[in-house]
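Trainee: structure for the following, please:
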Amino acid sequence: MPFCSQFIANIRAARVGEAERLAINKEMANIRTKFASPNLSAYDRKKYVAKIAFCFIMGYKQDLGHMEAIQLLTAQKYSEKQIGYLAVTLMLTENSDLLRLVVNSIKKDLDDRWDVVNCLALHTIANIGGDEMAEALAPDVHKLMISPTSNNFVKKKAALALLRVYRKYPQVVPAQEWALRIISLMDDGDLGVVVAIASLVLTLAQDFPEAYETAYEKAADRLHKLVIGRNYDTRLYDYYKIPSPWLQVKLLKLLQYYPPPEDTAVRRMVEQVLATLLEMQEIPRSVQHNNALHAVLFEAINTIIHIDARSMLATQSAHLLGRFLSSKETNVRYLALNTMAHLAARAETLDPIKKHQNTIIMSLRDKDISVRRRALDLLYSMCDVDNAQVIVGELLNYLKIADYGLREEMVLKIAICCEKFATEYKWYVDTILELISAAGDYVGDEVWYRVIQIVTNTEDLQAYAAHTCFNYLKSPTCHESLVKIAGYILGEYGHLIANEAGCSPYEQFQALHAKSNFCNANTRALILTTYIKWVNVFPEIKPQLMTVFDRYRHVLDSELQQRACEYLAMAERPEDDDLLQTVWDEMPPFPERESALMNRLSKKHGDTGDRRTWIVGGKEAMKDAQVTRMKSLKRVTTNGTPTSSPARNRPHGAATGVPNGTTDIMAALAGLDMSGGPSVNGDHTPVLRNPDIDAKYQKLLYSDSGILYDDVQFTVSIKSDYRMSHGRMRIFFHSKLPTPLDALTTTIKSAEHDHLTFDIRQIPSTTVESAGHTMLEVEFECKEFFTQPPTLHVSFLTGSLTTLGLRLPVVIHKFFEPIQLEPQDFYMRWQKIGGPPREAQVFFPIVLNKRGDVDTLGQQAIVTGARIRCLEGVDPNLVNTVGAGVIYTSATGKAGFLVRIEPSRDEKKCRLTVRCTSDAFAPSLMEYIRGLLTAK
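Mentor: Have a look, this model is predicted:
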């Protein structure tokens, strides 16, 4: 900014702060005078606003120039617009009232054809935000991101601006509705765009996993192209011969937000990528190379553990992690400990981790506190019955010299390990009391509460716990938490040790009372309760206890005073009064409840950044977390439609709340059934139905190959083959466009997934050249009788996003096999199967042909097309149709069935009788065959 150079030089020349302030105040006064002039030129306005922005950057608050900066946004020159956006971004906040004046200018610049202007507007949206601005401009940012005419750097900035808006105001971004369009950009040819889109998808998939599940296949395909195919511009995206490590890390992390793939083709592709990354162990040539190499490698290991912690790749990863634990580099040791904790959370056995137990324990004394934290997490995760005493002992020894920031977390984890893996109750009591003695003020109330619960509920432990607590009371120093435990346990179970040498009632009173003078009011209140219990069981020390009660009647604390008065009154009652004994009898066992220590630990960790797909604490904690996550992931409405988590739909302020007067309307609308409207889940499109598509579908029901869909852009054809309960289908996608077809995405949905399963053996290419084709190969398995065909959902880019939903001609009769029977065999089997429940019969109306006769040939064609053998010579009435077949299901095996169709021309009705060797199949077969006959 040459017009500011002299002004900046004058400020830098100031020797003291006072001179600097005088120079700035003088210039601001001059600018204020210039702004008041009606003849202010655009150049002067730009110059003065730049000076104001510079002073603002130096830390001087400004109360002028805001309107002038806003006026610069509407300028035609880029230099003026640039200064205007700079000043607005610096001086306006998201709560500023002036933002309303900026929104229209930004909206206009987002629609501008000049890319640089688009970028200025996107920068402002991302930096300032504001709920009103986000709500008004989020659709425009999305439109700019998906526009085929936008340059790559505009798409990148739009994706990151949309990510910023979503993180701050998620309710203004219809993430589910935009899912398919956003995911399609993961196939963009520019890796820079893909990196930005991957960041956006990674965030959205955490909140809407179902809507963004097709991103899994996209991520796997892109990783395969990067790592295996090397399909990228090596000049731009090779970082020390590592292909785009930032993108690899994001895509690998995205894979961890979904369960392992069931499709063979996708799983094979992911495993090939992970095996290649695991072998990538070059000697780092620099710090940057080392960081990129290990970032990708450790994320690959995390993905391997997530997919299958029992695989050979996971075993190799465990050995590799053991090597990294002894690395000289702090970052590598940190990542190794963190990743090994992930392995402990998912592995079936901890033996591979226990091999490095001594190395992990030594990491507790690492010079870097972050490494010490990860070592603590790993020791906590790998602790079990076999090594609990060793690990807890080491943690107790380290606790005495540990950092103050680690002590509270260490106390919780030691207490949890003692409770979960104690094999002897005496060891548990000794360890917990030693922990409280060593940790002191870092022991929360939950710890000693839990000790008391366990001692109270374990009768064999009570005498030992009382004796141990009494020994701690006799020591010269005793922490207040120990005094609380000792006071409670001696009050309940002190009588169990009263006859032992050195543990008389008076000695117990003397030891406890000596420590009470150094305790706070809450602890002394608990000790008073112990004393009243001793009045009940130790009458020999009643005078000393009465003296204490009498003294506490005059203390200033109201709680202590009230207790002392009430306890004294009860102690003075006659000895034959049963009230004292009834009220202060021994406490009953506590009801079994979840440990509060686990809840305290989970609250301590909290969520920051991307959500973890695992938690510290081993496999049991991981299972509990998965159950909790599935419950909180989504809610299900009364009509079965999944809805997003309410946390992401909550408004962030009054400005985005419901307008006055509409609350009752919204409450009334909340009960309406909206299931008839379009789907907003984004993960699949409605199934197309029209006469042409239905005709093609009906034809393919009785044929193994043909065209499923055809238009001016695109053709879908299929070839299929069925054997018993298995079928293989090849789906071909043909492009008719003069330009390549991009971002092809295919998804198969089965409404009855438990009855009809599928496995994708080959995924199609994401790009189809002009007049070219690609293939999707899928295998189906019929496990049980099903009625709903699977659907194929296709999306692709041809300038705009095109989506198709098609029914696949995979129906139950594809798993039939016709059988030939002689008439006598048919009648014998008919009689052998018998009537209900193996017989099902129904009457239904029929339509006669033009001559007024029954269309017998048409019925026989349907039966034959449904893979049921039409038997001749069985029924003397030639109008009737008799058939036989076998249905194959992998879960229940095969079942034979016989069909008899008896139409009546006079009554215009038909009787359909089905007999099957399986009780469960007869009604279903009857309904299915009737549907075929009536659909003719």
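Trainee: what residue spans form the domains of this structure?
Mentor: Domain assignment of the chain by the TED database yields the ranges 1-67, 444-593, 691-810, 814-933.
Trainee: just send these back as JSON lines, with mean pLDDT, mean neighbour count and distance to Ala138 too.
Mentor: The way it works is simple: take the backbone N, C-alpha and C, and place the C-beta from them, glycine included. Shown next, in JSON lines, are the domains of the chain (pLDDT from 0 to 100; neighbours: other Cβ atoms under 10 Å; distance: least, Cβ to Cβ, whole Å):
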{"stretch": "domain 1-67", "mean pLDDT": "84", "mean neighbour count": "14", "distance to Ala138": "25"}
{"stretch": "domain 444-593", "mean pLDDT": "86", "mean neighbour count": "17", "distance to Ala138": "44"}
{"stretch": "domain 691-810", "mean pLDDT": "88", "mean neighbour count": "17", "distance to Ala138": "18"}
{"stretch": "domain 814-933", "mean pLDDT": "85", "mean neighbour count": "17", "distance to Ala138": "46"}
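Trainee: got TSV for those, with distance to Ser327 too?
Mentor: Listed next are the domains of the chain as TSV, based on distance: least, Cβ to Cβ, whole Å:
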stretch	distance to Ser327
domain 1-67	42
domain 444-593	35
domain 691-810	38
domain 814-933	50
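Trainee: how close does Val537 get to Val193?
Mentor: Between Val537 and Val193 the computed distance is 78 Å (Cβ to Cβ, to the nearest Å).
Trainee: centre-most residue in this protein?
Mentor: Centroid-nearest residue in the chain, with Cα atoms, centre = their mean: Gln206, separated by 4.5 Å.
Trainee: where does that residue land in three-state SS?
Mentor: Following DSSP: H, G, I helix; E, B strand; the rest coil, Gln206 is assigned to helix.
Trainee: closest to Gln316 out of the domains of the chain?
Mentor: Shortest distance between Gln316 and the domains of the chain, using Cβ to Cβ, is found for domain 691-810: 26.4 Å.
Trainee: compute the first-to-last residue distance for the closest one.
Mentor: End-to-end distance of domain 691-810 (Cα to Cα, to the nearest Å): 19 Å.
Trainee: follow-up on the earlier one: and of the domains of the chain, who's closest to Leu435?
Mentor: Nearest to Leu435 among the domains of the chain is domain 444-593; the distance by Cβ to Cβ comes to 7.6 Å.
Trainee: and Leu223, what does it touch?
Mentor: Residues in contact with Leu223 (Cβ atoms under 8 Å, 6 or more residues apart in numbering) are Gln248, Leu251, Leu252, Met269, Val270, Val273.
Trainee: pull the distance from the helix or strand hosting it to the chain's centre.
Mentor: Applying DSSP states H and E as the criterion places Leu223 in helix 214-223. Chain-centre distance of helix 214-223: 17 Å, with Cα atoms, centre = their mean, to the nearest Å.
Trainee: give me the helices and strands touching the longest helix along the chain, please.
Mentor: Secondary structure of the chain per DSSP state H: the longest helix is helix 287-307. Judged by 3 or more Cβ pairs under 8 Å, 6 or more residues apart in numbering; DSSP states H and E, helix 287-307 is in contact with strand 242-243, helix 245-255, helix 264-278, helix 312-324, helix 330-346.
Trainee: same list, the ones you listed, but as a markdown table with mean pLDDT, mean neighbour count and distance to Cys119 please.
Mentor: Listed next are the helices and strands packed on helix 287-307 as a markdown table, based on pLDDT from 0 to 100; neighbours: other Cβ under 10 Å; distance: least, Cβ to Cβ, whole Å:
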| stretch | mean pLDDT | mean neighbour count | distance to Cys119 |
| --- | --- | --- | --- |
| strand 242-243 | 88 | 21 | 27 |
| helix 245-255 | 93 | 23 | 21 |
| helix 264-278 | 90 | 19 | 34 |
| helix 312-324 | 90 | 17 | 41 |
| helix 330-346 | 90 | 23 | 34 |
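Trainee: Phe153 is nearest to which of the ones you listed?
Mentor: The nearest among the helices and strands packed on helix 287-307, by Cβ to Cβ, is helix 245-255 at 16.3 Å.
Trainee: quick one on the thing from earlier: now do the longest helix of the chain against helix 312-324, angle only.
Mentor: 140 degrees (axes from the mean of the first three to the mean of the last three Cα atoms, to 10 degrees).
Trainee: now do helix 287-307: distance to the chain's middle.
Mentor: Computed by Cα atoms, centre = their mean, the chain-centroid distance of helix 287-307 equals 21 Å.
Trainee: buried residues, it. List them.
Mentor: Across helix 287-307, burial judged by 16 or more other Cβ atoms under 10 Å covers 289-307.
Trainee: quick one: mean pLDDT over it.
Mentor: What helix 287-307 shows for mean pLDDT is 90.
Trainee: then that helix to PDB, C-alphas only?
Mentor: The C-alpha atoms that make up helix 287-307 are tabulated as PDB, following Å, rounded to 0.1, in the frame of the first residue of the first chain:
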ATOM      1  CA  VAL A 287      12.000 -33.700   9.600                       C
ATOM      2  CA  GLN A 288       9.200 -32.900   7.100                       C
ATOM      3  CA  HIS A 289       9.600 -36.200   5.400                       C
ATOM      4  CA  ASN A 290       9.500 -38.000   8.700                       C
ATOM      5  CA  ASN A 291       6.400 -36.200   9.900                       C
ATOM      6  CA  ALA A 292       4.500 -36.900   6.700                       C
ATOM      7  CA  LEU A 293       5.600 -40.500   6.600                       C
ATOM      8  CA  HIS A 294       4.600 -41.300  10.200                       C
ATOM      9  CA  ALA A 295       1.300 -39.300   9.900                       C
ATOM     10  CA  VAL A 296       0.100 -41.600   7.100                       C
ATOM     11  CA  LEU A 297       1.600 -44.800   8.600                       C
ATOM     12  CA  PHE A 298       0.000 -44.300  12.100                       C
ATOM     13  CA  GLU A 299      -3.400 -43.400  10.500                       C
ATOM     14  CA  ALA A 300      -3.200 -46.600   8.400                       C
ATOM     15  CA  ILE A 301      -2.400 -48.600  11.500                       C
ATOM     16  CA  ASN A 302      -5.500 -47.100  13.200                       C
ATOM     17  CA  THR A 303      -7.600 -48.000  10.200                       C
ATOM     18  CA  ILE A 304      -6.200 -51.600  10.300                       C
ATOM     19  CA  ILE A 305      -7.100 -52.000  14.000                       C
ATOM     20  CA  HIS A 306     -10.600 -50.500  13.300                       C
ATOM     21  CA  ILE A 307     -11.300 -52.900  10.500                       C
END
